[in-house]
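**Student:** A structural model of the following input is requested.
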Amino acid sequence: MPFDFDLITLGAGSGGVAASRRAAAHGARVAVIEGSRVGGTCVIRGCVPKKLLMYAAQLGDALREAPHYGWSPAALSFEMARWAAAKAAETARLEGVYRQLLEGSKVELVEGWARITGPHTVEVAGRQLTGKHLLVATGASPSRDAIEGLAGAATSDDLLDLTALPDRMAVVGGGYIAVEFASIVARLGVQVSLFYRAGLPLRGFDEDLRQRLAPALEAGGIRLMGAVPVRVQQQGATFLLHMADGTVHEYPFVLNATGRRPNTRGLGLETLGIEVDAQGAVPVDEQLRTSAQGVHAIGDVTHLKNLTPVAIAQGRTLADALFGGRPLRPLDLVNAASAVFTLPPIGTAGLNEAQALAAGHRLKIYEADFRPMRQAFYGGSERSYMKLVVDADTDLVLGIHMLGADAPEIVQSLSVALTCGATKQDFDHTLAVHPTAAEEFMLMREPARVVERISTMMSPM
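**Tutor:** Sure thing, here's the model as predicted:
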């Protein structure tokens with residue numbers, strides 16, 4: 001049967017736009033459907049505006065450090081309304097760029113909320129479209145039902161649209177969104193309490209990073225609560241956090257950072273027999289195929305690894321496979337680098353120590369823990385920590401982890417070496433750039449410890 005399009009993409013976020021443009025470059029007729037703003041979470045209400053707010057916080061740190069370096073800065077104060085206006089202008093500019101990219105690629109943008117009504121068929125704004133291939137790239141959004149009453153709290157989307165910051169704030173959650181926003185707004189003058197499960201924030205990250213992040217957050221003025229409320233109650237403009245031990249904490253603002261949930265509700269996936277998992281994610285195989293013929297899914301909606309570059313790479317490789325005649329090569333998600341934009345930030349790539357042990361490796365762990373030159377010069381307390389996880393038998397570097405200034409930039413560059421299969425000897429043979437923080441990754445000569453297979457006992461080298 002003839003189709004209106006070769007590809008219909010549901011969602012014009014980073015992954016959906018990348019897939020659509022690449023498919024069009026191969027000569028495919030493509031439509032992308034978006035019910036909100038073009039650019040998706042990362043550009044409009046996630047990575048980009050979050051990092052712009054982080055820059056604002058960093059500039060505050062720089063102003064406080066400036067007198068130690070001979071400067072006499074004039075008294076300055078942060079105005080959230082001015083930042084919000086500048087952020088809105090920048091995201092509007094970026095959305096315009098995305099729209100121009102789609103138009104220039106000859107991808108038809110259809111605005112409205114899509115619903116799959118049958119095989120190869122999508123309905124949007126009263127219009128029925130047919131496509132040989134359907135691509136679900138609808139992303140994810142904040143979860144609102146993790147705790148009773150939490151639905152009334154603000155999410156990261158809401159926080160980024162504030163024109164004034166509260167004096168006090170409770171952040172509920174222990175993942176990267178929670179620690180990032182807690183860290184950032186604390187630097188901007190908000191008294192922050194972080195409520196989270198487990199002994200330390202950032203469950204799933206390398207344990208040594210977690211152990212060092214916690215005191216760094218406290219040094220930044222964040223109160224670590226180590227528990228989550230069992231119920232959140234809203235009384236007018238006040239939120240009451242009811243704890244399991246009967247205590248109640250009162251805050252004028254609560255940030256719900258308890259995770260994100262794939263955007264699959266109302267898509268009509270059931271009409272094709274596609275069953276989502278308990279989190280609402282669309283299951284896919286290594287070829288990014290769903291259980292329905294001709295339907296693929298990429299990005300956060302699959303809940304495989306929720307990173308913007310992963311969604312973009314998935315979209316492009318899928319388009320190359322469907323329309324460019326290239327085999328779809330599964331992405332190496334194990335070595336994918338990621339960052340947590342706390343202050344100080346985290347950069348990580350590859351396996352953490354626990355994951356490497358679980359995979360059966362015998363390990364050599366190399367570490368560096370120091371005050372960076374910028375801090376040491378005036379007696380600052382902020383530290384940097386670096387860690388290499390190395391296979392003790394093959395010398396292969398399995399993981400690279402860092403907490404400290406410029407960690408995301410440093411680990412991003414080193415992730416190339418990880419992808420290429422670098423050994424510890426390769427690091428040793430690389431001449432360092434001095435004076436830099438990154439050179440410490442090249443100067444780790446002796447392992448801090450050896451960790452044997454199976455047993456978690458640690459023994460000195």
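
**Student:** so for stretch 406-417, what gets flagged as buried?
**Tutor:** Residues Asp406, Ala407, Pro408, Ile410, Val411, Leu414, Ser415, Ala417 are the ones in stretch 406-417 that count as buried (16 or more other Cβ atoms under 10 Å). (C-beta placed from N, C-alpha, C; glycine too.)

**Student:** repeat for stretch 421-428
**Tutor:** For stretch 421-428, by 16+ other Cβ under 10 Å, it's Ala422, Lys424, Phe427.

**Student:** again with stretch 45-56
**Tutor:** Quick answer for stretch 45-56 (16+ other Cβ under 10 Å): Arg45, Gly46, Cys47, Val48, Pro49, Lys50, Lys51, Leu53, Met54, Ala56.

**Student:** stretch 268-277 now?
**Tutor:** Applying 16+ other Cβ under 10 Å to stretch 268-277 flags Gly268, Leu269, Leu272, Ile274, Val276 as buried.

**Student:** what's the pLDDT at the closest residue to Gly350 other than its chain neighbours?
**Tutor:** Once flanking residues are discounted, Gly350 sits nearest to Gly399: 3.7 Å by Cβ to Cβ, 6 or more residues apart in numbering. On pLDDT, Gly399 comes in at 98.

**Student:** count of residues packed around Gly399?
**Tutor:** By other Cβ atoms under 10 Å, 22 other residues sit near Gly399.

**Student:** check contacts around it.
**Tutor:** Residues in contact with Gly399 (Cβ atoms under 8 Å, 6 or more residues apart in numbering) are 206, 348-353, 355-356, 387-389, 418.

**Student:** Ser384 bridge partners, please.
**Tutor:** In this entry, Ser384 is beta-bridged to Phe370, by DSSP bridges.

**Student:** return the residues in contact with Gly226.
**Tutor:** Contacts of Gly226 (Cβ under 8 Å, 6+ apart): Tyr196, Gly199.

**Student:** shouldn't Arg223 be in contact with Val192?
**Tutor:** Yes - the criterion here is Cβ atoms under 8 Å, and Arg223 meets it with Val192 at 6.9 Å.

**Student:** more neighbours: which of those two?
**Tutor:** The residue with more neighbours, out of Arg223 and Val192, is Val192; 26 against 15, by other Cβ under 10 Å.

**Student:** so which of the buried residues of stretch 406-417 are in helices?
**Tutor:** In helices, defined here by DSSP state H, the members of the buried residues of stretch 406-417 are Ala407, Pro408, Ile410, Val411, Leu414, Ser415, Ala417.

**Student:** what's the separation between the last one and Glu440?
**Tutor:** Per Cβ to Cβ, to the nearest Å, Ala417 is found 15 Å from Glu440.

**Student:** one more: the third one?
**Tutor:** Summarising the geometry, the distance separating Ile410 from Glu440, computed by Cβ to Cβ, is 10 Å.

**Student:** ok now stretch 113-128, how far from the chain's centre?
**Tutor:** Centre-to-centre, stretch 113-128 and its host chain are 31 Å apart (Cα atoms, centre = their mean, to the nearest Å).

**Student:** again with stretch 191-200
**Tutor:** The chain centre lies 19 Å from the centre of stretch 191-200; the measure is Cα atoms, centre = their mean.

**Student:** same deal with stretch 205-224?
**Tutor:** 18 Å.

**Student:** before we move on, the earlier item: of the contacts of Gly399, just say which sits nearest to Phe370.
**Tutor:** Distance to Phe370 across those (Cβ to Cβ) is lowest for Lys387, with 12.7 Å.

**Student:** OK, contacts around the closest one?
**Tutor:** Lys387 makes contact with Asp206, Asp208, Leu209, Glu353, Ile365, Tyr366, Glu367, Ala368, Gly399, Ile400, His401, Met402, according to Cβ under 8 Å, 6+ apart.

**Student:** compare the residues you listed and tell me which is most surrounded.
**Tutor:** Counting neighbours by other Cβ under 10 Å, Met402 comes out on top of the contacts of Lys387 with 31 neighbours.

**Student:** quick check: of the buried residues of stretch 421-428, which lies closest to Glu103?
**Tutor:** The closest of those, once distances to Glu103 are taken by Cβ to Cβ, is Ala422, at 42.0 Å.

**Student:** report the separation between that closest one and Gly268.
**Tutor:** Distance from Ala422 to Gly268, by Cβ to Cβ: 46 Å.

**Student:** got it, and Gly421?
**Tutor:** Gly421 is 44 Å from Gly268, by Cβ to Cβ.

**Student:** cool, Phe78 as well?
**Tutor:** Noted for Phe78: a distance of 45 Å to Gly268, by Cβ to Cβ.
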